[in-house]
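J.: Coordinates for the following, if possible.
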Amino acid sequence: MISAPSTVADVMTHAVVAVGRGADFREVADTLQRWRVSAVPVLTGDGRVVGVVSEADLLTARDRDGERADALTAGRMMSVPAVTVHPGSPLNEAARAMARGHLKRLPVVDDEDYLVGIVSRGDLLKVYLDDDRELADRVRFELVATLGPAAAVNTDVRSENGRITLSGDLPDALSAPVLARLVRSVPGVVGVELRLAAAA
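T.: Numbers count the residues shown, from 1 in each chain. From the prediction side, this is the model:
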């Protein structure tokens, strides 16, 4: 069986840079610059995520409060509540959460809000950068699993830059739109073209 990444756990980064609530403006800014990230989770002393502080939060806090940098802490500047996902969350759920919040990355937490990783837009996009041969094999596997061995014999599967082309005979008792939906549901597929004739 050819498995594709389907949950956040499959693509997330386990090593995560984070700061505590007491980290001051300079420490947060240095952390962002050193690790080349635009935001970091803010943790309680025992490792639970309580917020996220971003470059935008730093700039807004300085403009709003007019305080010295060392008086501003991550706990005061962070965005709350933190938008998080769980390791078992589907990739499309993480993508929707990022799109809704205009976010570049999400902390990944367990059921008790302990930080276990981070997932970025780039992590989610890797699914769509798979090798074309591997993606075609994955589509073939799904067709056989759903439609039976005859699907592999009667249907040719090609992939180019994530676009799947099916040619051959349309499987019995299956409409073209249903087949297209099945293929589109395979992680990594970005488009489907059907060149199928109804079976004689």
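
J.: In contact with Gly45, which residues?
T.: Under the criterion of C-beta atoms under 8 Å, 6 or more residues apart in numbering, the contact list for Gly45 reads Gly20. (C-beta placed from N, C-alpha, C; glycine too.)

J.: any idea how far Arg140 is from the residue nearest to the spatial centre of the chain?
T.: For the chain, the residue whose C-alpha lies nearest the mean C-alpha position (C-alpha atoms, centre = their mean) is Leu124; its distance is 3.2 Å. Using C-beta to C-beta, to the nearest Å, one obtains 24 Å as the distance from Leu124 to Arg140.

J.: coming back round to it: what residues are up against the residue nearest to the centre of the chain?
T.: Neighbour list for Leu124: Val11, Leu91, Ala94, Ala95, Met98 [criterion: C-beta under 8 Å, 6+ apart].

J.: top of these by neighbour count?
T.: In terms of neighbours by other C-beta atoms under 10 Å, these top out with Ala94 at 27 neighbours.

J.: so that one touches Leu106, yeah?
T.: Yes - in this structure, Ala94 is within contact of Leu106 by C-beta atoms under 8 Å, at 6.0 Å.

J.: Overlap in contacts, these two.
T.: Listed contacts common to Ala94 and Leu106 are Val85, Val119; contacts here mean C-beta under 8 Å, 6+ apart.

J.: ok, longest helix in the chain?
T.: Ranked by residue count under DSSP state H, the longest helix found in the chain is helix 132-147.

J.: quick one: buried residues of it?
T.: Residues of helix 132-147 classed as buried: Leu135, Ala136, Arg138, Val139, Arg140, Phe141, Glu142, Leu143, Leu147 (neighbour count, 16 or more other C-beta atoms under 10 Å).

J.: Against Asp131, how distant is the fifth one?
T.: Separation of Arg140 from Asp131 (C-beta to C-beta): 14 Å.

J.: What of the fourth one?
T.: Val139 is 13 Å from Asp131, where distance means C-beta to C-beta.

J.: Off-centre distance for stretch 55-68?
T.: Its chain's average C-alpha position is 30 Å from that of stretch 55-68, according to C-alpha atoms, centre = their mean, to the nearest Å.

J.: what do you get for stretch 176-191?
T.: On C-alpha atoms, centre = their mean, the centre of stretch 176-191 falls 19 Å from that of its chain.

J.: How about it, which residues are buried there?
T.: By neighbour count, with 16+ other C-beta under 10 Å as the criterion, the buried positions of stretch 176-191 are Leu179, Ala180, Leu182, Val183, Val186, Pro187, Gly188, Val189.

J.: Can you tell me which of these is closest to Val40?
T.: Each of the buried residues of stretch 176-191 was scored against Val40 by C-beta to C-beta, and Pro187 proved nearest at 28.4 Å.

J.: tell me the secondary structure for that closest one?
T.: Three-state secondary structure (criterion: DSSP: H, G, I helix; E, B strand; the rest coil) places Pro187 in coil.
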